[in-house]
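Engineer: next one to model:
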Amino acid sequence: MTPARRAGQGRPRRTSVLAALSALLAVFVLAACGSHGSGSGSGGDGSGAAASVGATGFPTAVPAGTKLRVGDQGGTLKAPLDLSGQSTGEPYAVDWSTFASGPLLLEAFRANAVDVGYVADTPPVIAAASGQDLAVIASWQNPAGQLMLATKPGSDIRTVSDLKGKKVAFSVGTILQAYLLRSLDKVGLAQKDVKTVNLLPTDIAGALSRGDADAAVLVEPLASPYLKDNPTAHKVDGADTSPSVQYLITTHKALSDPAKQAALGDFVARWVKASAWRDGHIDEFTQKYYVEQVKVPAETGKLLLAKTSPSAFVPIDATSIGGAQKLADLFTSSGVIPKKVDISKVFDSRYNSAVQEAQQ
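Structural biologist: Residues are numbered from 1 along each chain as shown. A predicted model of the protein is given here:
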């Protein structure tokens, strides 16, 4: 089975829960090997040769014959772009690839097989630590509530502090791990204070119901059904309540190509507009995407949208980079990565103007 399937070319039928989950999760695990270097001219402050091109800070004229290779998961990018009409009339060719998992998408970035895709806030931390070529070019926040800490049935665990010395299930190297680290840090604990049970997100609820772990990080649309099916299980009080951070990412190699720079600027603007359309047309998007394409009930689609929208875009600046640095430092202090990293190296602010203009 190939790691990616071209959009529209015989994608296999998916079960409703896994399809919905793949549309929601920005769960990306980066291998700690392979590096393309940081490149030049596109640092975290958006400085360099490309940033001096015109008022936008990037070229806007897309040369004929330009192609942008976009990596997606579960239609998260493509569906809003298509249904909003933002995928029509691009001044460049778009080559879509749909990946079955985050690790396969990041593998494609390492292989120079895609130019742009999306991730949550954990992969840039691991990328900065490992030296992988990665550049965050747009950032948005989704409401809290996508993740929760829950107990096994019949557990006497009530608060995050009660997790000390307990077996906690999550997916290492993903947003689930970041959520756990933030939750533990709130009460002065670190990952070393709990016993790690590393599982795929889709396997966690089953393992927790069997008692294979004392508690776990669960993600919608699996979290709510787990609590319904296990009435003696419950949410853990005091867990992280910060918004979920998402990124559009590319590589410094792509940013060194003026044609790719221009195409990426246009793509960023279209994604901002498509996101706004999706958030303003919940019923239409639910019907046309989740019901008709993903084949899940409307209530499941609306649950997913309620947990992941509206999307609030924020600039790449000292505040957003500072938040990412705090997460990186948390990974370091918890022993997940070996030494302090400068997360600003994987942020590039040149497309802030594209985001701002698209919101007007």
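Engineer: for Pro124, what are its contacts?
Structural biologist: Leu134, Val136, Tyr247, Ile249, Ala324, Ile343, Val346, Phe347 (CB atoms under 8 Å, 6 or more residues apart in numbering). All C-beta spots, glycine's among them, are computed from the backbone N, C-alpha and C.
Engineer: which helices and strands does the helix or strand where the fourth one lies pack with?
Structural biologist: Okay, so that is Ile249. Element membership of Ile249 [criterion: DSSP states H and E] is strand 244-250. Packing partners of strand 244-250 (3 or more CB pairs under 8 Å, 6 or more residues apart in numbering; DSSP states H and E): strand 117-120, helix 122-130, strand 135-142, helix 258-280.
Engineer: would you format these as a markdown table with mean pLDDT included?
Structural biologist: Below are the helices and strands packed on strand 244-250 laid out as a markdown table (pLDDT from 0 to 100):
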| stretch | mean pLDDT |
| --- | --- |
| strand 117-120 | 88 |
| helix 122-130 | 85 |
| strand 135-142 | 95 |
| helix 258-280 | 97 |
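Engineer: adding distance to Val294, write those out as CSV.
Structural biologist: Converted to CSV, those look like this (distance: least, CB to CB, whole Å):
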stretch, distance to Val294
strand 117-120, 18
helix 122-130, 24
strand 135-142, 19
helix 258-280, 14
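Engineer: of those, which is nearest Glu90?
Structural biologist: Closest approach to Glu90 among the helices and strands packed on strand 244-250 (CB to CB): helix 258-280, 6.6 Å.
Engineer: check the offset of stretch 246-255 from the chain's centre.
Structural biologist: 13 Å (CA atoms, centre = their mean, to the nearest Å).
Engineer: got the buried residues for it?
Structural biologist: Residues Gln246, Tyr247, Leu248, Ile249, Thr250, Thr251, His252, Lys253, Ala254, Leu255 are the ones in stretch 246-255 that count as buried (16 or more other CB atoms under 10 Å).
Engineer: one step back: out of the helices and strands packed on strand 244-250, flag the one nearest Ala312.
Structural biologist: Judged by CB to CB, the one of the helices and strands packed on strand 244-250 that comes nearest to Ala312 is strand 135-142, at 4.8 Å.
Engineer: I'd like the mean pLDDT over stretch 88-103, please.
Structural biologist: Mean per-residue pLDDT for stretch 88-103: 86.
Engineer: do the same with stretch 166-178
Structural biologist: 91.
Engineer: re the thing from before, the very next helix or strand once past the strand holding Ile249 packs against which elements?
Structural biologist: Later in the chain than strand 244-250, the nearest helix or strand by DSSP H and E is helix 252-255. Applying 3+ CB pairs under 8 Å, 6+ apart, one finds that helix 252-255 makes contact with strand 135-142, helix 258-280.
Engineer: rerun at 7 Å
Structural biologist: Secondary-structure packing of helix 252-255 (3 or more CB pairs under 7 Å, 6 or more residues apart in numbering; DSSP states H and E): helix 258-280.
Engineer: angle of the helix it packs on against strand 244-250?
Structural biologist: 150 degrees (axes from the mean of the first three to the mean of the last three CA atoms, to 10 degrees).
Engineer: can I get the very next helix or strand once past helix 258-280 as CSV, trimmed to CA atoms?
Structural biologist: For helix 258-280, the following helix or strand on the C-terminal side (DSSP H and E) is helix 282-285. In CSV, the C-alpha atoms belonging to helix 282-285 read as follows (Å, rounded to 0.1, in the frame of the first residue of the first chain):
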residue,chain,number,x,y,z
ILE,A,282,-21.6,24.8,9.2
ASP,A,283,-24.8,23.1,7.9
GLU,A,284,-23.7,23.2,4.3
PHE,A,285,-20.2,22.0,4.9
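Engineer: between the helix or strand following helix 282-285 and helix 258-280, how many degrees?
Structural biologist: As assigned by DSSP H and E, the chain's next helix or strand after helix 282-285 is helix 298-308. With the same axes, to 10 degrees as the basis, helix 298-308 and helix 258-280 are set at 120 degrees to each other.
Engineer: give me the buried positions along helix 298-308.
Structural biologist: With burial defined by 16+ other CB under 10 Å, the residues of helix 298-308 counted as buried are Thr300, Gly301, Leu303, Leu304, Leu305, Lys307, Thr308.
Engineer: the second one: what's it in contact with?
Structural biologist: Each residue near Gly301 by CB atoms under 7 Å, 6 or more residues apart in numbering is listed here: Thr286, Tyr290, Val291.
Engineer: distance of the second one from Val168?
Structural biologist: Remark: distance between Tyr290 and Val168 (CB to CB, to the nearest Å) = 31 Å.
Engineer: these two: who's more crowded?
Structural biologist: Tyr290 (26 against 23; other CB atoms under 10 Å).
Engineer: look at the residue lying closest to the more buried one once chain neighbours are set aside and report its pLDDT.
Structural biologist: In space, and not counting its chain neighbours, Tyr290 is closest to Gly301: 2.8 Å by CB to CB, 6 or more residues apart in numbering. Model confidence at Gly301, given as pLDDT, is 88.
Engineer: go on, Asp342?
Structural biologist: So Asp342 comes in at 94 (pLDDT).
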